[in-house]
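[1] what follows is a predicted structure for the sequence shown.
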Amino acid sequence: MTQAGPITTTQEKESIHLGLEVRQEVKRLAEQLAETAPGLLDEPRWLAAARDLSCALPTTVRTALRSFSADSGQAGAIQIHGLPVGPLPTTPTRRESVERTATVPASALVLCAMVLGEVVGFEGEKHGAMVHNVVPVPGEERTQSNAGSVDLELHTENAFHPHRPDFVALSCLRQDPDGEAGLRIASLRRAIGLLTAEEREVLAEPRYRTNPPPSFNGTGAAVAHRAISGAFEDPDVQVDFHATTPLDAGAARALAALREALEAVRDIVYFTPGDLAIVDNRVALHGRTPFTPRYDGRDRWLHRVFIHTDIRRSRALRKGGSHVVG
């Protein structure tokens with residue numbers, strides 16, 4: 001039986017380094033999937049093939065991902081090192097850049113994602129594509145979006161949406177040449193003890209509104225919601241510190257306390273090619289440190305997918321049972 005190699009747990013996140021045999025097997029499966037007809041990432045037949053083939057991933061990889069799906073731990077994040085990348089074209093620079101044709105790196109990401117649940121897209125974001133290119137775009141530098149390069153605020157992915165992702169997976173094809181860009185992750189599970197009981201009670205009341213991000217082109221309604229919800233001792237979080245607005249002074253104070261608590265526990269992940277980071281979007285927020293793009297074809301390039309653990313709950317918003325949430 002192949003082994004994943006050493007599995008080390010830091011204070012902030014579990015980190016899995018794939019051994020040589022496992023890397024080779026994951027690459028073989030990704031190549032097989034990339035060559036599977038019709039070779040289109042958004043096509044239902046290809047996604048079905050990805051689901052089936054994900055069951056053939058090495059046992060230790062599947063075990064780690066399933067365990068993370070059941071309980072993402074105090075960090076609310078996991079890293080896997082050693083996914084296939086291979087020769088790459090130049091980094092895309094187009095706004096709303098996505099992957100449509102199956103490639104080995106995109107296939108490897110989808111295989112891992114399918115162990116956690118079902119890959120989904122959102123109609124309002126990048127035209128419902130399953131695999132997004134997270135790349136800097138000329139003219140978008142100062143936007144609070146995946147196309148920007150300024151500091152990206154900590155946020156729940158698609159915090160405004162009733163069917164926001166359960167997990168967000170980001171795989172690195174190319175890091176920025178200066179190594180400046182880092183994925184910031186802050187777990188509510190680590191931060192919750194820094195809040196007072198009164199602050200938690202306020203945050204658990206519908207005293208906040210969140211606007212859609214720029215990538216949704218302004219679509220979607222901002223309705224009052226709770227910033228934290230669920231079990232008092234282990235709540236879920238629903239906040240975008242750029243787009244979430246408190247509805248009164250007390251709510252503003254509690255939100256400021258939450259921001260301070262999350263910043264106190266946040267971690268920064270610096271990618272190398274072949275790294276995969278998965279964030280539990282229910283309990284952890286993520287963002288990005290600023291960096292300086294060069295637009296010379298060698299800029300930072302990540303693939304991103306969204307994952308639902310229970311795709312049935314969004315069925316009414318998915319036309320014809322597709323993977324695209326309206």
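    Nice, thanks for sending it over. Everything quoted here is computed from the prediction, not taken from an experiment.
[2] and the contacts of stretch 79-86?
    With C-beta atoms under 8 Å, 6 or more residues apart in numbering as the test, stretch 79-86 has contacts from 5, 13-18, 22-23, 26-27, 30-31, 61, 64, 104-105, 108-109, 112, 171, 173, 269, 272-278. Just so you know, the C-beta spots here come from the backbone N, C-alpha and C atoms, and that holds for glycine as well.
[3] in it, what's buried?
    Using 16 or more other C-beta atoms under 10 Å as the test for burial, stretch 79-86 gives 79-85.
[4] go on, stretch 40-47?
    Here stretch 40-47 shows 40-43, 46-47 as buried, counting by 16+ other C-beta under 10 Å.
[5] filter those down to the ones in helices?
    With DSSP state H as the criterion, helices contain 46-47 from among the buried residues of stretch 40-47.
[6] list the contacts for S314?
    Neighbours of S314 in contact, by C-beta under 8 Å, 6+ apart: 120, 163, 308, 325.
[7] show me where the stretch 1-150 of the chain has helices.
    Using DSSP state H, counting those that start in this stretch, the helices of the stretch 1-150 of the chain run over residues 20-34, 44-54, 59-70, 104-116.
[8] where are the low-confidence patches of this protein?
    Applying pLDDT under 70 to the chain flags residues 1-13, 213-221.
[9] buried only: go through the contacts of stretch 79-86 for me.
    Among these, those that count as buried by neighbour count (16+ other C-beta under 10 Å) are 5, 13-16, 18, 22-23, 26-27, 30-31, 61, 64, 104-105, 108-109, 112, 171, 173, 269, 273-278.
[10] endpoints of stretch 192-211, how far apart?
    24 Å (C-alpha to C-alpha, to the nearest Å).
[11] can you tell me which of the buried residues of stretch 79-86 is nearest P136?
    P136 lies nearest to V85 out of these, by C-beta to C-beta, at 18.8 Å.
[12] strands - which of the contacts of S314 land there?
    Under the assignment DSSP state E, those contribute 120, 308, 325 to strands.
[13] ok, and the most crowded of these?
    Within those, most neighbours by other C-beta atoms under 10 Å means V325, with 26 neighbours.
[14] circling back to that earlier point, can I get the contacts of S314 in TSV with distance to P92?
    Below are these laid out as TSV (distance: C-beta to C-beta, whole Å):
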residue	distance to P92
V120	22
H163	28
H308	26
V325	24
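[15] from those, which is closest to T90?
    For the contacts of S314, with T90 as the reference and C-beta to C-beta as the criterion, the closest is V120, at 28.7 Å.
[16] now do the contacts for the closest one.
    V120 is in contact with 130, 165, 306-308, 311, 314, 318, 323-325, counting by C-beta under 8 Å, 6+ apart.
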